[in-house]
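In: Predicted model, plus sequence, below.
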Amino acid sequence: MAWTISDAVTETRRLLQDTRSPFRFDDARLIQGLNQAMAETRRLRPDLFLGLDFNLPYYTDTTADMAKAFPIDEMYFPSIVDYMVARQAFADDEFAVDGRAMAFIQKWQGNLVGGAGG
Amino acid sequence: MANLDGWMDTLRTRLPGADDNVLNLELRNTIREFCTQSGAFLKRVELALKQDKNEYNLNPQPDGNVLWVHQIYSAKGFEYVLVDDERLARVGMNRAYCPSPGMIRISPTPDADADKEDGLVVWVGMVPNFNITNLTVPDEFETAWFDHILDGALFRLHSQHKRPWTNPMNAQYHGRRFRNGMAQARDITRRRFSDADSSFHFPAWGNLPRERSRW
């Protein structure tokens, strides 16, 4: 089964330990993180957007967008989620653990441009 | 005709992290370079002559575009000598000149008799049509030139900048093998896959005795 945008949001919440409603991070905020992840990924790895004619996808928290398929190769789904987690962890003053955010951002970057193992 | 699956599967296993789109793109680029440099995509094109018409365009073909003209002969078996523009009009034998890729100009100009009973058979080197989604290549690309094309694709992919599969040493290795492979394919294609004499002449310095070859 193909991953969707909604799956990326769910997985990000799980890693942020934010699975109980009401959520600390609402959908709009996480989707904004996803859009930023795509922009940063497009900068480092334009080849992943070849199938999209190099267009940058942009999503909102509407039901229609949440149901859309993950736009790039699914082997990079975990990397995009890593970036989304890091983005929220950096911004979350109250619960911020910078080391964890850095670990996620480095994992994202390593997977994109580092060795095959990340 | 063969599809690209054999190459794609091998590239997927050797280049973790590369998605299919980029593998397919570089594989197509490799095939284009291979065809351009070697002329190994051979095709026999038959051409009907028309009275008083001495220029014929072989492009486009259904499966690509003509880049090289290897050989031209009439349907009766008389060979046309490929010459430059200046020597085209000289009398005495059938001559042909290629002013641009896929375009041939012949001399003498066909008269009314030639139109009825003659035609041309042209052996050409093609470049595949890359606009189609499911690109196919001649079977011999898979049976004879598989490794050469694989080397070319690996060379291009390993030499990409800052990717998980970037590897300059491997790029150099596969690049050298690809260039050698193209030269080999060019030579074998010109000799039509046999031990026929090659038009390649070993350079003069290659036969010199060791003492003389030092300079």
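Out: Alright, I've got the coordinates. Residues are numbered from 1 along each chain as shown, chains lettered A, B, ... in the order given.

In: Buried residues in stretch B:101-116, which are they?
Out: Of the residues in stretch B:101-116, B:Gly102, B:Ile104, B:Arg105, B:Ile106, B:Ser107, B:Pro110 count as buried by neighbour count, 16 or more other CB atoms under 10 Å in any protein chain shown. Glycine gets a C-beta too; all of them are placed from N, C-alpha and C.

In: Chain B - how does it break down into domains?
Out: B:5-37+B:137-190, B:42-128 (automatic domain parsing).

In: Tabulate those (JSON lines), appending distance to chain A.
Out: Shown next, in JSON lines, are the domains of chain B (distance: least, CB to the nearest CB, whole Å):
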{"stretch": "domain B:5-37+B:137-190", "distance to chain A": "4"}
{"stretch": "domain B:42-128", "distance to chain A": "19"}
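
In: Would you tell me which of those domains gets closest to A:Val9?
Out: domain B:5-37+B:137-190 (22.6 Å; CB to CB).

In: Next, the distance between the ends of that closest one.
Out: 28 Å (CA to CA, to the nearest Å).

In: Now find how far off-centre that domain is within its chain.
Out: 16 Å (CA atoms, centre = their mean, to the nearest Å).

In: roughly how far is stretch A:34-47 from the heart of the chain?
Out: Using CA atoms, centre = their mean, the offset of stretch A:34-47 from its chain centre is 10 Å.

In: Could you pull out the helices in chain A for me?
Out: A:5-15, A:27-44, A:63-66, A:77-91, A:98-113 (DSSP state H).

In: Could you list the buried residues of the shortest one?
Out: Of the residues in helix A:63-66, A:Asp65, A:Met66 count as buried by neighbour count, 16+ other CB under 10 Å.

In: Can you spell out which helices and strands pack onto it?
Out: Counting contacts by 3 or more CB pairs under 8 Å, 6 or more residues apart in numbering or on different chains; DSSP states H and E, helix A:63-66 packs against helix A:5-15, helix A:27-44.

In: repeat that with 6 Å
Out: Contact partners of helix A:63-66 among helices and strands, from 3 or more CB pairs under 6 Å, 6 or more residues apart in numbering or on different chains; DSSP states H and E: none.

In: Kindly report the same for the fourth one.
Out: With contacts defined as 3+ CB pairs under 6 Å, 6+ apart, helix A:77-91 has these neighbours: helix A:5-15, helix A:27-44, helix A:98-113.

In: Next, format those as a markdown table and append mean pLDDT.
Out: Below are the helices and strands packed on helix A:77-91 laid out as a markdown table (pLDDT from 0 to 100):
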| stretch | mean pLDDT |
| --- | --- |
| helix A:5-15 | 96 |
| helix A:27-44 | 96 |
| helix A:98-113 | 90 |
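
In: For stretch A:80-91, which residues meet the burial criterion?
Out: A:Ile80, A:Val81, A:Asp82, A:Tyr83, A:Met84, A:Val85, A:Ala86, A:Arg87, A:Gln88, A:Ala89, A:Phe90.

In: Dump the helices and strands packed on helix A:77-91 to a markdown table, plus distance to chain B.
Out: Listed next are the helices and strands packed on helix A:77-91 as a markdown table, based on distance: least, CB to the nearest CB, whole Å:
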| stretch | distance to chain B |
| --- | --- |
| helix A:5-15 | 17 |
| helix A:27-44 | 8 |
| helix A:98-113 | 5 |
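
In: I'd like those as CSV, with mean neighbour count appended.
Out: Below are the helices and strands packed on helix A:77-91 laid out as CSV (neighbours: other CB atoms under 10 Å in any protein chain shown):
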stretch, mean neighbour count
helix A:5-15, 19
helix A:27-44, 18
helix A:98-113, 17
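
In: hmm, who's touching the host helix or strand of B:Leu23?
Out: Per DSSP states H and E: B:Leu23 is located in helix B:20-38. Where contact means CB atoms under 6 Å, 6 or more residues apart in numbering or on different chains, the residues beyond helix B:20-38 that reach it are A:47, A:50-51, B:4, B:7-8, B:11, B:41, B:127, B:130, B:149, B:152-153, B:156-157, B:182, B:185-186.

In: Going through the residues you listed, which ones are buried?
Out: By 16+ other CB under 10 Å, the contacts of helix B:20-38 give A:47, A:50, B:4, B:7, B:11, B:41, B:127, B:149, B:152-153, B:156-157, B:182, B:185-186 as buried.

In: Alright, calling it a day.
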